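Visitor: One predicted model, sequence on top.
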Amino acid sequence: MKVADNPQMEDYSLRYTPSSFRNWSPWMVFLSCLVGLSAMAGYALDAAFVNEFGFANSVWGFAIASVVTLPLTIVIAFAIARKHIDIDLLTRGSGFGYLGSTVTSLVYATYTLIFLAYEGAIMAQAVTALSGLDIHWSYVVVAVVMIPLTLYGMSFSSRFQAWTWPIWVALIGVAVVTAATAPDAGAHMLNPQPQGSTASALGLSFVAIFVIAAANLSLATQVGEQGDYLRLMPDPLPGRRVRWRAAVIMGGPGFALFAMVIFFASTLLVGYADTQAPADQVALPVDLFTVVYQRLTGNHTAALVLAGVLVLLSQIKINIMNTYSGSLSWSNFFSRILHRHPGRAVWVVFQVALSLVLMELDIFDNIVTVLGVYANVGIAWIGAMVSDLVINKRLLKIGPSHVEFRRAHLYNVNPVGFGSMVVAAAVSLVAYFGLFGATMAALAPFVSLVLALVLPPVIALATKGRFYEARTSEFPPDTSEAECVRCAGTYELIDMATCPFHDGAICSLCCSTEGACHDSCKPHAWLPGRTELGMPRVGVPAMITEGTS
């Protein structure tokens, strides 16, 4: 069996996730989604923002980012959980088209890569602190470790995340209580006095608040990583829909709410640690927690061991998600570009190798700048998707009510979402780099979001929704599954299309990796033909009905 044909390792990474595979409970999926809370990135970023801009500016910046991203991520999380497709496939049918969504796959892969490298660097700092190993060799160690931990996808991840939560909660809880019981803990939290910093002298600053908020708008893209697990949600059972919705909300958009909880916990820790160590030391999570645990144990070695265990456990938990989600996105990206899918395992190695390069290039010390630039593009993508799903599909009724992700049915580029994202990102990047002044530079990602929300309905109305579907397929009545003429696998009809090139039905993955057909099923793959006032329907030959149910 080829690796790419192993469902346990593939997790239906490039296709609709069938009900037969979605056998985890909403609770288990929710626990897997919560892994983002374990990330030490939050503590490192909070320390950097608080020490540079002060508590007041930081809390307002984080709050604004959370309020803005929450409704956006609610829409996307429920779409993923109900359609059982990941964010890459959702993007295809949300106004971007088949090849148009290739760009967003790259945008999403970049997000997972940035945080895999950043979190990996934090993990490497812990390895170095515990072992004395040179930091550059520690980068190699943490990169290699992530490969076997991620190969078996949700099958391993769900168990690992569930088993390790009690240990993580105990360690982080002890640290928070230790910092909270220190003398003047609240005062140090609200008025940090890091050694070598002037942040405590800063008052409220409009520019500072929106610099922080703008950088944190990039976290809206985090819903894609949550979505890689939410797509595995079982269908809601009668009488348990409230629980199902609660699991989706707290597992997906709830990340923004939990991020605020983490912010207050981390600023409490940072406030205490700032009184004991220099700001540059507090910015390193392993040193931050060592300072806190030392108050508890009175022994530096014991404190370092506790801090090292917490950081390593946290980073393994979050980097399983970063590596897994990155492998899914690279799979989507390259399957469309190369018409090949060698298996998700190949892209696990690829993702980890790229993260190693970024670690060696010192992404840890440049993360705020990186996120500030990325936010302009990431929020344009998320905003355009939400606008299409809510305004175009629900309110204006433009385009199909369902989300079409199959290559055989899509135009290569839909200007509704793709064009909106490109324009929004381009304008905001120009603003970000100062062409319109300092104030607009701070607001640049918000400019991107507004344009991304407004442009999709404008373009959809102008194009009359003609770029959503190039064709549809017809299958014999009373059938729910069909056998793929290319791989001989049997899949639900939602994952199948009729294929005149192969003279049969073809699954969405085989369709994506077929390079010889040159879109023969949809000759007008780029632009609707003049004769295509309606969508052409291609029927399925009778020969493929054998074996269907």
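Guide: Sure thing, it's come through.

Visitor: rest of the way, CA atoms for contacts and neighbours
Guide: OK.

Visitor: I'd say residue 416 and residue 100 touch.
Guide: No. Assessed by C-alpha atoms under 8 Å, residue 416 is found out of contact with residue 100, at 10.2 Å.

Visitor: just the CA coordinates of stretch 108-116, formatted as PDB?
Guide: Coordinates of each C-alpha in stretch 108-116 appear next as PDB, following Å, rounded to 0.1, in the frame of the first residue of the first chain:
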ATOM      1  CA  TYR A 108      -2.000  29.400   5.300                       C
ATOM      2  CA  ALA A 109       1.100  27.200   5.000                       C
ATOM      3  CA  THR A 110       3.200  30.200   5.700                       C
ATOM      4  CA  TYR A 111       1.200  30.900   8.900                       C
ATOM      5  CA  THR A 112       1.700  27.400  10.200                       C
ATOM      6  CA  LEU A 113       5.400  27.600   9.200                       C
ATOM      7  CA  ILE A 114       6.000  30.900  11.000                       C
ATOM      8  CA  PHE A 115       4.600  29.500  14.300                       C
ATOM      9  CA  LEU A 116       6.200  26.100  13.900                       C
END
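
Visitor: Do me a favour and average the pLDDT over that stretch.
Guide: Stretch 108-116 carries an average pLDDT of 91.

Visitor: Could you check how far that stretch is from the centre of its chain?
Guide: Distance, stretch centre to chain centre, for stretch 108-116: 8 Å (C-alpha atoms, centre = their mean, to the nearest Å).

Visitor: For this structure, which segments count as strands?
Guide: Using DSSP state E, the strands of the chain run over residues 472-474, 481-483, 490-492, 496-499, 504-507, 537-539.

Visitor: on that earlier part again, give me the more crowded residue out of residue 416 and residue 100.
Guide: Between residue 416 and residue 100, residue 416 has the larger neighbour count (other C-alpha atoms under 10 Å), namely 30 against 20.

Visitor: Identify the residues contacting that one.
Guide: Going by C-alpha atoms under 8 Å, 6 or more residues apart in numbering, residue 416 touches 95, 96, 388, 455, 456, 457, 459, 460.

Visitor: What of residue 510?
Guide: Shown in contact with residue 510 (C-alpha under 8 Å, 6+ apart): 486, 487.

Visitor: mind checking how far it is from residue 498?
Guide: 12 Å (C-alpha to C-alpha, to the nearest Å).

Visitor: for residue 524, same thing?
Guide: Taking C-alpha to C-alpha, one finds residue 524 at 17 Å from residue 498.

Visitor: more crowded one of these two?
Guide: Shown here are residue 524 and residue 498; by other C-alpha under 10 Å, residue 498 has more neighbours (27 against 16).

Visitor: For the more buried one, list each beta-bridge partner.
Guide: For residue 498, the beta-bridge partners are residue 505 (DSSP bridges).

Visitor: Surely it and residue 504 touch.
Guide: Yes. Here residue 498 reaches residue 504: they are 5.9 Å apart, a contact under C-alpha under 8 Å.

Visitor: For residue 261, which of the strands of the chain is the nearest?
Guide: strand 490-492 (41.4 Å; C-alpha to C-alpha).

Visitor: Give me the contact list for that closest one.
Guide: So strand 490-492 is contacted by 18, 480, 481, 482, 483, 484, 507, 548 (C-alpha under 8 Å, 6+ apart).

Visitor: Inside helices: which ones of the contacts of residue 416?
Guide: 455, 456, 457, 459, 460 (DSSP state H).

Visitor: Show the buried residues in the residues you listed.
Guide: 455, 456, 457, 459, 460 (16 or more other C-alpha atoms under 10 Å).

Visitor: What is the neighbour count of residue 146?
Guide: Residue 146 has 21 neighbours, counted by other C-alpha under 10 Å.

Visitor: Look at the residue nearest to it when sequence neighbours are not counted and say how many residues are nearby.
Guide: Closest residue in space to residue 146, ignoring its immediate chain neighbours: residue 320 at 6.8 Å, by C-alpha to C-alpha, 6 or more residues apart in numbering. Residues lying near residue 320 (other C-alpha under 10 Å) number 25.
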